[in-house]
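**Q** Sequence below, structure please.
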Amino acid sequence: MNQPAATGRDARVITLIGTGHFLSHFYVLSLPPLFLAWGQEFGVSFAALGLSVALMSGVTALLQTPVGFLVDRHGARPYLVGGTLLMALAVVAMGFATDYWQILLLCALSGVGNSVIHPADYAVMAGSIDKSRMGRAFALHTFTGNLGFAAGPPVMAVLMAWIGWRQGVMLTGCAGLVVVATILWQSRILHDQAKPRGEAQGISGTQLLTSRPMLLFFGFFLLSAMAGAGLQAWLITALHQLHGMDIPAASMALTMYMVGATSGVLVGGWIADHTKRHLPIVIVLTCIASAFVLLTEWLRISDTLTIFTIFCGGLFLGASRTPRDIMVKDAAPPGQIGKVFGFVSSGLPLGQAITPMPFGALIDWGRPDLVLPLTAVIMLASLLFAGSGRAAGAMVTTPQVQPAE
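**A** All right, here's what the predicted structure looks like:
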């Protein structure tokens, strides 16, 4: 295939994959704007309402690894189609719910569908995208997910005001059905990852995931998510109490941190495609990001400079993410990318659940000054888990690989 044609095919693949990834993140954060309407409609507490998001995210995290085994064994395309379809239909069905237990059941079902996205997407990208553009493909995949998180709350709020919550969720669910139809229409360009001829010798999938390199990668993802979640949850409060920033200015600081982290992912994709020294890049970028977080705490500067400083922290942290993901891909033995990404990326929702409460307790105890330094320490501590995954490939006898379909 000539270069322009290959580039065009890669663009179509990442558009298909990225749209599904956008929706999977969009559906999670489209739920919070519905809470007030659901509370009035079904007469449930805020704690019960929070269970809906916890179920969707928790089921996704629990099932990603077993789904990864299925993707590696049977191929990614049927699971990608089936998972996206289940996710979308569950959201559509929420519009017909007559009791809150039905909402919870549908959130769990949507989480089942969502659990397919990461293992299937990475397996398809590994088999479909030219190696010279793999970093940028991974970056765009992460970028579309972040856009989904950003778009979920405002889009659902607008739809609720325009057509009501029931019609709003049904409309967003129908958007997923359009994505499923498009994936089916274009499925011929989605190739599965290359697989070994016969079983890889010396290690099973379970042994691979419980090996030291993969457990370290899991820890790397877990600590990275812990740092990000703590910062996102309490940056506004910390800046308000420590720097005297008003709430709108502190909120803008959080927004610019997220803008930096999201745009940094794209920078990291370009870097990952232009160097094979991914581990040193991850270390340097993470250290710079942690330095900017510490400067945000220590410097007493204007609100504008504070916002710029935390933006830089997000930018460098985001740029470290794609080289990190390429390290995981390179460490995965042939034919086992689905289970590897399913396992290590399950550390993300787990990490996001850990730090908000203890960081909030620090603020309750009158120590908001510890939030940003601890965030920086966790960022640096994550580097202790980085890099060992490159040895995973040596754990199996390298098998002959048959081309992707």
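**Q** What segments of the chain are strands?
**A** Counting by DSSP state E, the chain has strands at residues 195-196, 401-402.
**Q** Least confident of those, on average?
**A** Here the strands of the chain differ in mean pLDDT, and the lowest is strand 401-402 at a mean of 44.
**Q** close enough to count as contact, residue 346 and residue 61?
**A** Yes. In this structure, residue 346 is within contact of residue 61 by Cβ atoms under 8 Å, at 4.7 Å. C-betas here are computed from N, CA, C, even on glycine.
**Q** mind listing what's buried in the longest helix seen in the chain?
**A** Counting by DSSP state H, the longest helix found in the chain is helix 212-243. Of the residues in helix 212-243, 213-243 count as buried by neighbour count, 16 or more other Cβ atoms under 10 Å.
**Q** and if you look at stretch 285-300?
**A** For stretch 285-300, by 16+ other Cβ under 10 Å, it's 285-286, 288-297.
**Q** Then stretch 14-24?
**A** 14, 16-24.
**Q** how about JSON lines for these, with pLDDT added?
**A** Output for these, formatted as JSON lines (pLDDT from 0 to 100):
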{"residue": "14", "pLDDT": "87"}
{"residue": "16", "pLDDT": "86"}
{"residue": "17", "pLDDT": "88"}
{"residue": "18", "pLDDT": "89"}
{"residue": "19", "pLDDT": "90"}
{"residue": "20", "pLDDT": "90"}
{"residue": "21", "pLDDT": "92"}
{"residue": "22", "pLDDT": "93"}
{"residue": "23", "pLDDT": "92"}
{"residue": "24", "pLDDT": "90"}
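**Q** Quickly name whichever of those is closest to residue 303.
**A** Compare each of the buried residues of stretch 14-24 with residue 303 using Cβ to Cβ and the shortest gap goes to residue 22, at 32.3 Å.
**Q** Quick check: that closest one touching residue 145?
**A** Yes. In this structure residue 22 lies within contact range of residue 145 using Cβ under 8 Å: 6.7 Å.
**Q** Run through the helices of the stretch 201-350 of the chain in chain order.
**A** For the stretch 201-350 of the chain, the helices defined by DSSP state H, counting those that start in this stretch cover 205-209, 212-243, 247-273, 278-298, 303-331, 337-345, 347-354.
**Q** could those helices go into CSV alongside distance to residue 89?
**A** Formatted as CSV, the helices of the stretch 201-350 of the chain follow (distance: least, Cβ to Cβ, whole Å):
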stretch, distance to residue 89
helix 205-209, 30
helix 212-243, 29
helix 247-273, 29
helix 278-298, 39
helix 303-331, 30
helix 337-345, 22
helix 347-354, 22
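**Q** For residue 376, which of those is the nearest?
**A** helix 278-298 (4.0 Å).
**Q** In space, what's closest to residue 313 - neighbours in sequence excluded?
**A** residue 292 (3.4 Å; Cβ to Cβ, 6 or more residues apart in numbering).
**Q** now do residue 59
**A** Using Cβ to Cβ, 6+ apart, the nearest residue to residue 59 is residue 111, at 3.1 Å.
**Q** if I read this right, that neighbour contacts residue 53, doesn't it?
**A** No. In this structure, residue 111 is not within contact of residue 53 by Cβ under 8 Å, at 9.9 Å.
**Q** And these two? Which one has more around it.
**A** Legend: neighbour count by other Cβ atoms under 10 Å for residue 111 and residue 53, higher for residue 111 (26 against 16).
**Q** Report the contact partners of the more buried one.
**A** Contact partners of residue 111, counting by Cβ atoms under 8 Å, 6 or more residues apart in numbering, are 55-60, 63.
**Q** What distance do you get for it to residue 48?
**A** 17 Å (Cβ to Cβ, to the nearest Å).
**Q** And residue 80, by the same measure?
**A** Using Cβ to Cβ, we find residue 80 at a distance of 32 Å from residue 48.
**Q** Who has more neighbours out of those two?
**A** For residue 80 and residue 48, the more surrounded residue by other Cβ under 10 Å is residue 80, and the numbers stand at 25 against 17.
**Q** pLDDT value on the more buried one, please?
**A** Looking at residue 80, the pLDDT reads 91.
**Q** Excluding chain neighbours, what is closest to it?
**A** residue 120 (4.2 Å).
**Q** and the one you found, how far is that from residue 186?
**A** According to Cβ to Cβ, residue 120 stands 15 Å off from residue 186.
**Q** same thing with residue 315?
**A** 33 Å.
**Q** For those two, work out which one has more neighbours and name it.
**A** residue 315 (24 against 13).
**Q** ok, now which ones touch the nearest residue to that one once chain neighbours are set aside?
**A** Of all residues not flanking residue 315 in the chain, residue 260 sits nearest, at 3.8 Å (Cβ to Cβ, 6+ apart). Counting by Cβ under 8 Å, 6+ apart, residue 260 touches 310-315, 317-318.
**Q** Residue 322 now?
**A** 135, 138-139, 142, 265, 268-269, 271-272.
**Q** Go again with 7 Å.
**A** For residue 322, the contact set (Cβ atoms under 7 Å, 6 or more residues apart in numbering) comprises 135, 138-139, 142, 265, 268-269, 272.
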